[in-house]
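just the structure for this:
(one chain, ligands or ions: 1)
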Amino acid sequence: MPKLANIYLIFDFFINNADYRITRLRAFWADAEKKGAVEGEHRHKLINFSVYYIQRKLTFDYLAKKYILRDLFLKKNSALTIKIISLALAMCYFQSNSEGVLSELKILLRQYQNGAIASSLVLAVNNFLEKSSFVAPEIRQKDEAASLSLRYSCPRELTAHLICETGAEAAAEILENSIKQPDAVFRLNTFILHNQKLRDDFIKQFSEKYFVDLRRVYRDMPLYSCDRSAFNFMLTDLGEFRAGLITPMGKSAFMAAYILDARPGDLVLDACASPGNKTTHIAELTSCAARIIAIDTSDSKTAKINDNIDRLKLNNIFTMTASSECLDIAKLKNKFSSLEGDGEIFDRILLDAPCSGLGLIRNRVELKYRFNMSDLAGMPGIQRPIINNASKMLKKGGYMLYSTCTINKKENLEIVREFLNGNKDFSPVPLGDRLKAFGRDFNAPDRDCETLQLMPDSEGHEGFFFALMRKN
Ligand SMILES: C[S@@+](CC[C@H](N)C(=O)[O-])C[C@H]1O[C@@H](n2cnc3c(N)ncnc32)[C@H](O)[C@@H]1O
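Modelled structure (predicted):
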């Protein structure tokens, strides 16, 4: 729980940062720690609280308005007052009691309201908390989208879109999962930890050093997870991260390199590569014996890939700033003179396309507040030219994996269907065999399926889409 003395800092952050970007949030608390305003051990808890609040902000705002302010007409600072009460409710729910919060709330409210109003608001909060239990409340509204929107704090437009895409029941499940705390998940660098003994020793030492109970996500796979609330730190703060031994990675994103299945000796194109989580994963799995060309659109994006390559101590990855929409062999040869062949030179292409990111609704908590339908409608127009152009550089007999971290059909199935209709030399590849290694019980319709749509589920997967295609 945030130390109550930090309520002012929490308030300060949420008043001044309307888009709630997680990177900004982390920077804010890191800065507060540097200035001595919070102690190191509290920083992570404060981040956890902030994430919890962002996940549920609309719900708490609604509760504050409906049950605390009720008919009270405030002459001034009503929006601010709702925000303070909403935050105070979140703190009480987060720590499952109101100890200490209400006295802080009174002091804070007195800065914006007269003493009598501040006291009656605090009393109303107290009464509300006594009557309600600490769970996501069911909020009945005139329609399903409005009810789910308030219950799970998801803007109504996005909620309605999810219902339209997946049906009301699945949308409710996605939204319920979206406010759960994701596990901390990381993969081991199998290029450095190159045998099972090294990996087992590393995991044992890591668990003992940080007092965490690490679980394998998939049987026999070097991906580990643990309850994030057990951590008093960020994975990226650890020496093991800086030394390139671990890389935070989602459970679904981890599958991409295995589905692509690059082999030593292959020439691989990662057409949309930054920050290089999948590029570097492919390099680790091929023990740096495949040559990988990683493309992204700006120097700052390729710099991020280079940072990861250096951190993970990998070689055989070559980065280039370009657009995969108009990349061709001549441009590639201009940069990499050792490339041979014309036109179709790659054995494998990973096309992890820019997308709406709706599958990351649990991991990137601020995304839902930035959602808008016109951005969504524009995504296929970005994805289509990239797949059409990148595919031209694939060898006959080669494989191309199209993936996104969204659950939006127009960016997934429809893009792939349209591509296959217009490119008869490509055929879909059933994923069943490549998914076996994940030990998941893929049900019958999935087994022969040529695409895989993962949803943000109760097992902690991100929403992800995969379609593997072969050029004949
Ligand atoms: C989903 S992210 C890739 C994530 C990356 N594969 C990873 O696992 O770390 C999509 C990337 O595509 C890049 N992108 C967008 N348009 C592009 C284009 N025309 N050519 C190449 N990359 C592009 C974006 O800059 C972004 O970094």
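
who touches stretch 203-215?
Residues from elsewhere that reach stretch 203-215, judged by Cβ atoms under 8 Å, 6 or more residues apart in numbering: 188, 224-227, 230-231, 233, 240. C-betas here are computed from N, CA, C, even on glycine.

what residues sit buried inside that stretch?
Residues 203, 206, 212, 214 are the ones in stretch 203-215 that count as buried (16 or more other Cβ atoms under 10 Å).

mind listing the helices for the stretch 51-200 of the chain?
Counting by DSSP state H, counting those that start in this stretch, one finds helices in the stretch 51-200 of the chain at the ranges 78-94, 101-110, 115-131, 144-151, 156-166, 168-178, 196-210.

sorry, back to before: in JSON lines, list the contacts of stretch 203-215 along with pLDDT.
Formatted as JSON lines, the contacts of stretch 203-215 follow (pLDDT from 0 to 100):
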{"residue": "188", "pLDDT": "98"}
{"residue": "224", "pLDDT": "97"}
{"residue": "225", "pLDDT": "95"}
{"residue": "226", "pLDDT": "92"}
{"residue": "227", "pLDDT": "87"}
{"residue": "230", "pLDDT": "73"}
{"residue": "231", "pLDDT": "72"}
{"residue": "233", "pLDDT": "75"}
{"residue": "240", "pLDDT": "98"}
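
count the neighbours of the nearest residue to residue 78 once chain neighbours are set aside for me.
Once flanking residues are discounted, residue 78 sits nearest to residue 69: 7.5 Å by Cβ to Cβ, 6 or more residues apart in numbering. Counted with other Cβ atoms under 10 Å, residues neighbouring residue 69 total 16.

show me the strands in the chain, by range?
184-188, 215-216, 223-226, 246-248, 267-270, 291-296, 317-321, 346-352, 394-404, 426-428, 451-454, 464-471 (DSSP state E).

same for the fifth one, what does it pack against?
Other helices and strands packing on strand 267-270, by 3 or more Cβ pairs under 8 Å, 6 or more residues apart in numbering; DSSP states H and E, are helix 277-285, strand 291-296, strand 346-352.

the ligand contacts on this structure?
By the rule Cβ under 6 Å from any ligand atom, the part of the chain lying against the ligand is 271-278, 295-297, 301, 323-325, 352, 354, 386.

can you do 5 Å?
Counting by Cβ under 5 Å from any ligand atom, the chain comes close to the ligand at 272, 274-275, 277-278, 296-297, 323-325, 352, 354.

among those residues, which one sits closest to residue 32?
Distances from residue 32 to those, taken as Cβ to Cβ, are shortest for residue 275 (25.9 Å).

for that closest one, what are its contacts?
For residue 275, the contact set (Cβ under 8 Å, 6+ apart) comprises 301, 304-305, 307-308.

what about this protein, any weak spots by pLDDT?
1-7, 19, 71, 133-137, 232, 440-449 (pLDDT under 70).

okay, now the domains of it?
If you go by automatic domain parsing, the domain ranges for the chain are 4-131, 144-178, 184-248, 255-471.

circling back to that earlier point, could the strands of the chain be laid out in a markdown table, adding distance to residue 47?
Compiled in a markdown table, those are given as follows (distance: least, Cβ to Cβ, whole Å):
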| stretch | distance to residue 47 |
| --- | --- |
| strand 184-188 | 12 |
| strand 215-216 | 22 |
| strand 223-226 | 16 |
| strand 246-248 | 14 |
| strand 267-270 | 31 |
| strand 291-296 | 28 |
| strand 317-321 | 31 |
| strand 346-352 | 27 |
| strand 394-404 | 28 |
| strand 426-428 | 42 |
| strand 451-454 | 26 |
| strand 464-471 | 25 |
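
please name whichever of those strands is nearest to residue 336.
Here strand 317-321 is closest among the strands of the chain (Cβ to Cβ), at 6.0 Å.

and the angle from that closest one to helix 277-285?
Computed with axes from the mean of the first three to the mean of the last three Cα atoms, to 10 degrees, the direction of strand 317-321 lies at 160 degrees from that of helix 277-285.

what's strand 317-321 packed up against?
Counting contacts by 3+ Cβ pairs under 8 Å, 6+ apart, strand 317-321 is packed against helix 277-285, strand 291-296, helix 299-312.

just to revisit the earlier point, which one of the domains of the chain lies nearest to residue 138?
With Cβ to Cβ as the criterion, residue 138 lies closest to domain 144-178 of those, at 6.2 Å.

quick one: buried residues of the closest one?
So, applying 16+ other Cβ under 10 Å, buried residues of domain 144-178: 145, 147-154, 158-163, 165-166, 171-175, 177-178.
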